[in-house]
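Trainee: Compute the structure for the input listed below.
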Amino acid sequence: MKNILAIDTATKLLIISLKSNGNYYYEIIDEGFTHSENIIPTIEKLLSKGNITIKDLDLLVCTRGPGSFTGLRISMSTLKGISLGLNIPLVSIPTLDVYAENINFDGIVIPIIDARKKSFYLSLYTNGNKITEDLDLPFNEVIKLLKDKHKILLTGPDSPLLHNKLEGEINTKLDVNRIDQYGINLINLGIREYNNNGPDKIDQGPLYIRKSEAEILHESSK
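Mentor: Purely as a prediction, here's the structure:
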């Protein structure tokens, strides 16, 4: 596969990357949750840099979740439209796997996403292997989970937030230099997923590990 487009809109960062004829191109936009405004112009910009058209793409990749409910839908719906319209295969990858990929650390690696409401999405990895499911934990539960752990590396777009909150409670190291790598990680994981399992099923949707506000309000009204 020569040409792969990958998009991550799970957090406040819009990360779009392109592999074109062996070269990598990427854009990272940190303007809050303005993904719907920036996603198409940024795709067009990268295709131009790669000197290809959208019809030249061989594979589409996006993050599946956890993450922002609206953000996840933006990237997945955009790429599903391209996939169905141009018959290009689409695969989705668990978001936390992307942030934890390709880290050489002798200890526990924990990718972090701010889940709002004083909670965090996270999972634990050792030696490149995921050892927990994706978790949605309030801060006090995070402390309980990590209090007997040693050699902890926090990574992911929102890792500085948790690192600062844990200061004085849990000793952690902070991986702050990997944002540029996330897009390449997503491309490589997408290729691996497609080669191993083929494209997503047509009904594959985002992975939510928390109920939406609408679902909570609906249940409380019964």
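
Trainee: For the protein, just list every one of the strands.
Mentor: Assigned by DSSP state E, the chain shows strands spanning 3-8, 14-20, 23-29, 59-65, 90-94, 108-116, 119-122, 125-126, 129-130, 135-138, 152-155, 173-174.

Trainee: Looking at those, spot the one closest to Leu47.
Mentor: Closest to Leu47 of the strands of the chain is strand 14-20 (Cβ to Cβ; 6.9 Å). C-betas here are computed from N, CA, C, even on glycine.

Trainee: list the helices and strands that closest one packs on?
Mentor: Applying 3 or more Cβ pairs under 8 Å, 6 or more residues apart in numbering; DSSP states H and E, one finds that strand 14-20 contacts strand 3-8, strand 23-29, helix 35-49, helix 179-197.

Trainee: neighbouring contacts of the longest one?
Mentor: Contact partners of helix 179-197, identified using Cβ atoms under 8 Å, 6 or more residues apart in numbering, comprise 1, 4, 6-8, 13, 15-17, 19, 24, 26, 28, 59, 61-63, 89, 91, 93, 97-99, 101-102, 157.

Trainee: Tell me which of the strands of the chain approaches Ile202 most closely.
Mentor: Ile202 lies closest to strand 90-94 among those, at 9.5 Å (Cβ to Cβ).

Trainee: So which of the helices and strands packed on strand 14-20 is the most surrounded?
Mentor: Across the helices and strands packed on strand 14-20, averaging neighbours per residue (mean count of other Cβ atoms under 10 Å) puts strand 3-8 on top, at a mean of 26.

Trainee: ok so, going back, could you provide the helices and strands packed on strand 14-20 in a markdown table, with additional columns for distance to Lys144 and mean pLDDT?
Mentor: Shown next, in a markdown table, are these (distance: least, Cβ to Cβ, whole Å; pLDDT from 0 to 100):
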| stretch | distance to Lys144 | mean pLDDT |
| --- | --- | --- |
| strand 3-8 | 29 | 98 |
| strand 23-29 | 33 | 96 |
| helix 35-49 | 33 | 97 |
| helix 179-197 | 28 | 96 |
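
Trainee: Tell me where the model's unsure across the chain.
Mentor: Within the chain, the set of residues satisfying pLDDT under 70 comprises 211-222.

Trainee: can you list the domains in it?
Mentor: 3-95+178-220, 104-174 (automatic domain parsing).

Trainee: Any idea which residue is closest to the centre of the protein?
Mentor: The residue lying closest to the centre of the chain (Cα atoms, centre = their mean) is Thr95, at 3.1 Å.

Trainee: I figured that residue hits Asp8, correct?
Mentor: Yes. Judged on Cβ atoms under 8 Å, Thr95 makes contact with Asp8 at a distance of 7.0 Å.

Trainee: Now the common contact residues for these two.
Mentor: The overlap between the contact sets of Thr95 and Asp8 (Cβ under 8 Å, 6+ apart) consists of Thr63.

Trainee: Now do the contacts for the residue nearest to Ile29 when sequence neighbours are not counted.
Mentor: Residue nearest to Ile29 in three dimensions, not counting chain neighbours: Leu14, with 4.2 Å by Cβ to Cβ, 6 or more residues apart in numbering. Going by Cβ under 8 Å, 6+ apart, Leu14 touches 7-8, 27-31, 34-35, 38-39, 42.

Trainee: Much appreciated, bye for now.
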